[in-house]
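Q: structure of the sequence below:
(one chain, ligands or ions: 1)
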Amino acid sequence: MAVSEPSRSRDLDKLLLRPGHIIGPNFEPGPELREAIKESVKVLVVGAGGLGCELLKDLALTGFRTLMLEDVGKPKAEVAAKRVMERVNGVNITPHFCRIEDKPLDFYSDFNIIVLGLDSIEARSYINGVACGFLEYDSDDNPRDETVKPMVDGGTEGFKGHARIILPGTTPCFECTIWLFPPQVKFPLCTLAETPRTAAHCIEYAHLIKWDEVHSGKSFDPDNPEDMQWVYSEAVKRAELFGIPGVTYSLTQFIDQLEDHPRLLLTRVSVSHRGKNLYMQAPPVLEEMTRSNLDLPLFDLMGGISKDIVHVNGMAAKVTRSNLV
Ligand SMILES: [Zn+2]
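A: Numbers count the residues shown, from 1 in each chain. Below you'll find the predicted structure:
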């Protein structure tokens, strides 16, 4: 037999063709495994940022041939897919771009593995919900293999990061352990600048990025109504541009913040302005009477006064994710 050139998958073969000390119980090494990775496994990579691009390249080099890359940004997804295909022979990467929430659910049913390279907890929580939604159990209450959508959750948050495998029905899912995350208050700048998904992203963009662009050197003064108004109108513009509803500081958002604020963690919140009750969470009769105010902007409830004192009462020490840690 002629000596052939070393195969392109020489290093990979060491992992895939022979057993080792750290393999799982269902790992069956051999050429079939290598072929399956190459021919029939479809992987979805969500996120084409710093983490997603790296993952895409690694998956391509690991021998996966059918990859789908999903990102909100068209240029990012396209460029990443094109570059990796140029560099790794035989890999086929289809870029997709839209907000992940806009994809129909059956889009996800096609993939054998979902790999997450996302920064936001919200987005990861969404994909987790979708993937767990496919899970079905057999009559003995065991997860049916063909409905298990394994996820590799890689996440970065500022300078922190982690990776783990989620097997719906077997391991805890993303939602089961969401209380392990500290409350998310800061947004990564790339999300703010390129792919806002929520009203908060738009407000932070106006406040953190746009302000400096326009007011060179002048610092933002939260006590100055003019400054606040400027940020507000920039945020509204941005929200309109990206089709995001809700850049009005509603009473609901205000109460949510009180409940989630790590120092406050209030329950049974009541909010009043100049002696008028805007909302009371308890007792139920008063809750019902004041409930309709929840959807209104605080600005309107306060009679169009942009700066004033609002009184808040409530009970502290609610057990939430942040004081369980
Ligand atoms: Zn769970």
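
Q: show me what from the protein comes close to the ion.
A: 173, 175-176 (C-beta under 5 Å from the ion). Placement of C-beta: from N, CA and C, glycine included.

Q: who's in contact with stretch 52-67?
A: Residues outside stretch 52-67 that contact it (C-beta atoms under 8 Å, 6 or more residues apart in numbering): 9, 12, 16, 34, 37-39, 41-46, 48, 69, 71, 80-81, 84, 87-88, 90-94, 115, 117-118, 154.

Q: sorry, back to before: just the ones in strands from the residues of the chain next to the ion, please.
A: In this view, the residues of the chain next to the ion have no member that belongs to strands under DSSP state E.

Q: looking at the residues you listed, which is nearest residue 194?
A: Of all the residues of the chain next to the ion, residue 175 has the smallest distance to residue 194: 26.6 Å, by C-beta to C-beta.

Q: for the closest one, list the residues it contacts.
A: So residue 175 contacts 125, 128-129, 132 (C-beta under 8 Å, 6+ apart).

Q: make a PyMOL selection of the buried ones in these.
A: The buried subset of the contacts of residue 175, as determined by 16 or more other C-beta atoms under 10 Å, is captured in PyMOL by this line:
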select buried, resi 128+132
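
Q: in helices only, show me the contacts of residue 175.
A: Among these, the ones falling in helices (DSSP state H) are 125, 128-129, 132.

Q: which stretches of the stretch 151-300 of the chain form strands?
A: Assigned by DSSP state E, counting those that start in this stretch, the stretch 151-300 of the chain shows strands spanning 151-157, 160-166, 267-273, 276-280.

Q: got TSV for these, with mean pLDDT and mean neighbour count too?
A: Output for the strands of the stretch 151-300 of the chain, formatted as TSV (pLDDT from 0 to 100; neighbours: other C-beta atoms under 10 Å):
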stretch	mean pLDDT	mean neighbour count
strand 151-157	82	20
strand 160-166	85	13
strand 267-273	77	17
strand 276-280	82	18
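
Q: in CSV, list the contacts of residue 175 along with pLDDT.
A: Converted to CSV, those look like this (pLDDT from 0 to 100):
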residue, pLDDT
125, 86
128, 90
129, 88
132, 89
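
Q: and residue 38, that one's in a strand?
A: No - read with DSSP: H, G, I helix; E, B strand; the rest coil, residue 38 is helix and lies in no strand.

Q: give the contact list for the residue in the stretch 1-150 of the chain that the ion sits nearest to.
A: Across the stretch 1-150 of the chain, the shortest distance to the ion (C-beta to the ion) belongs to residue 132, at 6.5 Å. Residues in contact with residue 132 (C-beta under 8 Å, 6+ apart) are 149, 168, 173, 175.

Q: name the SS class of the first one, please.
A: This means residue 149. coil.

Q: and the residue nearest to it when sequence neighbours are not counted, how far is that from residue 107?
A: In this structure, residue 149 finds its nearest non-sequential neighbour in residue 131, 4.2 Å apart by C-beta to C-beta, 6 or more residues apart in numbering. Look at residue 131 and residue 107: by C-beta to C-beta, to the nearest Å, they are 12 Å apart.

Q: tell me which residue is most central in the protein.
A: Nearest residue to the geometric centre of the chain (C-alpha atoms, centre = their mean): residue 123, 2.2 Å.
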